[in-house]
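>>> just need the structure, nothing else, for what follows:
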Amino acid sequence: MKKFGVKEIRNVGIFGHGGDGKTSLVEAILFDTGVNNRLGSVDEGTSVMDYDQEEINRKITISSSLAHAEWNNHKLNLIDTPGYANFIADARACMRVVDGAVIVVGANSGVKVQTEAVWEYAQEFEVPVLIYISKMDMERADFQKALDDVRKGLSSIPPVPVQLPVGAEAEFRGVVDLIQMKAYLYKDDLSGKFELKEVPDELMDEAAKRREEMIETLVETDDKMMEKYLEEGDLDQGDCYFCLKKGVIERKFAPILCGASTRNMGIQPLLDMVVMGFPSPQEGKRVSGKNAKTGEIEEQEAMEEGPFSAFVFKTIADPYAGKLTVFRVYSGMINPDSTIYNSTKRVKERIGQIYAMEGKKQKPLGLAMAGDIVAVAKLKETTTGDTFCDEKNPITFEPTKLPLPIISFALTPKSKGDEDKITSALIRLSEEDPTISLSRDEQTGQILLSGMGQVHVEVILEKLKRKFGVAVDLSVPKVPYKETIRMAKKGVIYRHKKQTGGRGQFAEVHFDVSPLDRGAGYEFENALSGMNVPRNFVPAVGKGIAEAMQSGVLAGYPVVDFKVRFYDGKSHEVDSSEMAFKIAAIMALKKGLREANPVLLEPIMEIEVTVPEENMGDIIGDLNSRRGKVLGVDTKGNYQVIKAYVPMAEVLKYAPDLKSMTGGRGQFTMALSHYEGVPSHLTEKIISQSKKEE
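Below you'll find the predicted structure:
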């Protein structure tokens with residue numbers, strides 16, 4: 001592959017809501033730049049970028065994929081990202097490493113939920129953006145309506161149209177470039193070939209008006225250009241490009257372009273804008289990391305010379321190449337067959353060949369330098385979020401914070417003996433997708449799989465079956481209830497006596513049982529005096545209590561927050577044994593618990609729900625109906641953040657409910673807070689259900 005300097009590299013991410021045409025845009029770019037000899041299609045399953053079987057089946061992007069292309073003597077590193085809520089975390093990880101973001105908005109649908117989400121990611125990471133209004137050839141395509149939607153929904157950076165569409169829906173045939181005041185008119189044969197013509201007469205007045213509005217915005221980026229415009233009343237193309245790039249890099253506005261990717265129209269002007277308007281790695285935002293020796297924060301300059309540093313933002317489980325580690329090089333360079341230092345894990349890794357990604361294919365590179373996005377295979381220790389660097393100049397970049405899983409299911413293998421295979425397979429899949437969470441509930445014994453939504457979990461299971469041959473059943477997780485007591489019971493006495501001929505069993509224990517504060521756990525006090533119970537039997541009594549507290553007297557749930565005071569008992573010099581005292585302790589504790597007003601406890605989750613302001617009343621009402629307790633409400637931009645305590649049993653399926661109530665705009669996080677007593681009217685139902693499951 002041809003070598004490019006840092007100034008000739010453009011790292012570009014394609015972002016937007018699912019179904020708005022991101023992958024189709026990348027497919028058209030790959031065709032028009034000669035990377036692919038045919039125009040890939042998502043609908044026909046011939047896409048270079050959506051190559052995973054689950055993506056082909058569902059016709060959506062599930063995991064970000066990479067490609068590279070050349071345009072006007074520049075190298076483009078392209079990242080096609082997912083746009084559906086279940087997989088949007090991957091887009092956030094990619095936004096971290098690009099220097100420019102193309103936000104795709106459907107001309108027939110406007111700004112949607114995940115468009116807003118990726119826009120916020122761009123603001124968070126201070127990434128320059130341009131907006132591409134796609135699907136101009138589709139039914140109900142409306143450029144002005146989509147533009148108005150952008151102005152309303154993506155308002156933090158003003159949009160500036162630099163193009164006008166020529167026609168719409170089936171009559172769409174090209175774009176007017178407002179800087180050149182020329183029209184790109186395309187052949188309708190998917191070839192991408194066009195003629196550069198004069199602006200059509202019917203669009204001339206509107207184009208002139210739009211150009212004047214555009215220039216008035218552009219000149220606000222530079223005082224000298226403003227003076228020139230005021231003196232001469234216009235700017236030439238070079239001046240427009242100068243102002244445009246300056247404004248984009250400084251994030252003062254977002255250029256608006258349009259096209260029809262599946263018909264390969266409008267792609268070349270977009271590529272020109274990417275090369276001209278987006279910053280090179282040297283012009284973009286400087287990245288900072290912590291010096292591992294001094295603890296100081298240092299900026300990394302995108303230079304070929306100097307210490308090597310890179311950030312791992314993605315891992316791919318490739319069935320042929322093994323694990324592929326994908327990283328962005330921020331400074332310096334590395335060669336194949338060399339050793340690099342992982343400052344996060346503090347280990348050295350030996351790398352072989354360095355690859356440029358092209359969908360599922362890998363193309364060997366001679367080296368990787370500042371600005372490159374590349375992959376290496378079969379690293380042993382490295383995972384997503386790690387930093388590579390020069391061991392003599394150690395630096396560590398902060399890992400990207402990803403959202404926590406919002407829905408959990410219990411897994412049961414369909415074939416006996418597959419439990420170990422499930423665990424090992426899911427661990428491998430979680431290397432590729434860090435938003436997967438795998439755990440085992442110690443109380444219920446269930447294997448729990450957590451993900452970003454129902455579709456996310458379904459895709460995981462499809463991969464589990466296809467790649468590892470493991471099939472599982474899903475069920476709603478059991479709620480890990482607990483039991484405790486509400487009053488003290490003194491003088492609990494139990495005598496265990498058994499005589500069956502020969503040596504018998506005898507033990508008697510005297511307990512005081514009392515409640516402790518919520519969350520205190522369990523306490524055992526040895527208060528024996530005298531020699532009624534030999535001290536060597538005390539550990540057996542402790543073991544008996546520990547065993548008995550695993551299954552309470554109400555519904556068989558673990559018992560917590562109580563104290564046992566072992567103050568007396570009786571023994572027999574022949575018939576007493578450790579087993580006898582263990583049994584006596586078990587039975588004494590159960591007797592004491594029954595007489596100490598036992599009660600069920602349920603887990604209470606601390607939940608934080610972020611919703612549009614217009615949905616706040618409905619969400620608070622819904623939380624109250626779930627026995628929730630609202631703690632407070634904060635404002636975050638146009639959204640309201642509601643904090644509340646809600647019983648776990650009421651929010652096991654909260655993710656789809658919230659999506660339905662907010663049209664997909666609501667988000668939430670939750671974590672276990674504490675345990676509280678179950679209301680009396682629900683206790684009998686839970687006890688009855690528990691007995692059915694026995």
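>>> now the strands for the stretch 1-150 of the chain?
Remark: strands assigned in the stretch 1-150 of the chain by DSSP state E, counting those that start in this stretch are 9-16, 65-71, 74-80, 100-106, 129-134.
>>> make TSV out of those and add mean neighbour count and distance to K193.
Yep, even glycine has a C-beta here, placed from its N, CA and C like the rest. Listed next are those as TSV, based on neighbours: other Cβ atoms under 10 Å; distance: least, Cβ to Cβ, whole Å:
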stretch	mean neighbour count	distance to K193
strand 9-16	26	23
strand 65-71	21	16
strand 74-80	25	21
strand 100-106	26	23
strand 129-134	27	20
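>>> any idea how far the closest residue to K498 other than its chain neighbours is from A584?
Nearest non-adjacent residue to K498, counting by Cβ to Cβ, 6 or more residues apart in numbering: Q505, 4.2 Å away. As judged by Cβ to Cβ, to the nearest Å, Q505 and A584 stand 9 Å apart.
>>> compare the two and say which one has the larger neighbour count.
A584 (28 against 18; other Cβ atoms under 10 Å).
>>> before we move on, what SS does that one have?
helix (DSSP: H, G, I helix; E, B strand; the rest coil).
>>> thought it was touching E508?
Yes: counting by Cβ atoms under 8 Å, A584 touches E508, with 6.4 Å between them.
>>> follow-up on the earlier one: so which of the strands of the stretch 1-150 of the chain is nearest Y675?
strand 9-16 (41.7 Å; Cβ to Cβ).
>>> in CSV, list the strands of the stretch 1-150 of the chain along with mean pLDDT.
Output for those, formatted as CSV (pLDDT from 0 to 100):
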stretch, mean pLDDT
strand 9-16, 96
strand 65-71, 95
strand 74-80, 96
strand 100-106, 97
strand 129-134, 97
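>>> TSV for those, including distance to F308?
Shown next, in TSV, are those (distance: least, Cβ to Cβ, whole Å):
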stretch	distance to F308
strand 9-16	16
strand 65-71	21
strand 74-80	18
strand 100-106	24
strand 129-134	29
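>>> among those strands, which comes closest to A375?
Closest among the strands of the stretch 1-150 of the chain, using Cβ to Cβ: strand 65-71, at 7.8 Å.
>>> mind listing residues that contact the closest one?
Contacts to strand 65-71, defined as Cβ atoms under 8 Å, 6 or more residues apart in numbering, come from residues 2, 26, 29-30, 33-35, 48-51, 75-80, 271-272, 274-275, 326, 356-360, 363, 373, 375.
>>> separation between the residue lying closest to F87 once chain neighbours are set aside and E462?
Excluding the flanking residues, the one nearest F87 by Cβ to Cβ, 6+ apart is I62, at 5.4 Å. Taking Cβ to Cβ as the measure, I62 falls 10 Å from E462.
>>> re the thing from before, overlap of the contact sets of Q505 and A584?
H496.
>>> for the chain, which spans come out with low pLDDT?
Residues of the chain that meet the criterion pLDDT under 70 lie in 1, 318-321, 501-502, 694.
>>> on that earlier part again, thought the residue nearest to K498 was touching A580?
Yes: using Cβ under 8 Å, Q505 is in contact with A580, at 4.3 Å.
>>> so what's in contact with the two at the same time?
Joint contacts of Q505 and A580 (Cβ under 8 Å, 6+ apart) are H496, K498.
>>> look at V455 and give its secondary structure.
Going by three-state DSSP: V455 is helix.
>>> which residues touch it?
So, once contact is read as Cβ under 8 Å, 6+ apart, V455 ends up touching Y84, N86.
>>> in the protein, which residue is most central in space?
Residue closest to the average C-alpha location in the chain (Cα atoms, centre = their mean): A89, at 2.9 Å.
>>> and the gap between that one and L203?
42 Å.
>>> can you check A101 too?
On the measure of Cβ to Cβ, A101 and L203 end up 29 Å apart.
>>> equivalent analysis for G247, please.
For G247, the distance to L203 - Cβ to Cβ - is 25 Å.
>>> more neighbours, these two?
Higher neighbour count among G247 and L203: G247, with 24 against 16, using other Cβ under 10 Å.
>>> what about the more buried one, which helix or strand?
Element membership for G247 (DSSP states H and E) is helix 237-249.
>>> remind me what that helix packs against, helices and strands.
Packing partners of helix 237-249 (3 or more Cβ pairs under 8 Å, 6 or more residues apart in numbering; DSSP states H and E): helix 201-218, helix 223-232, strand 254-258, helix 267-277.
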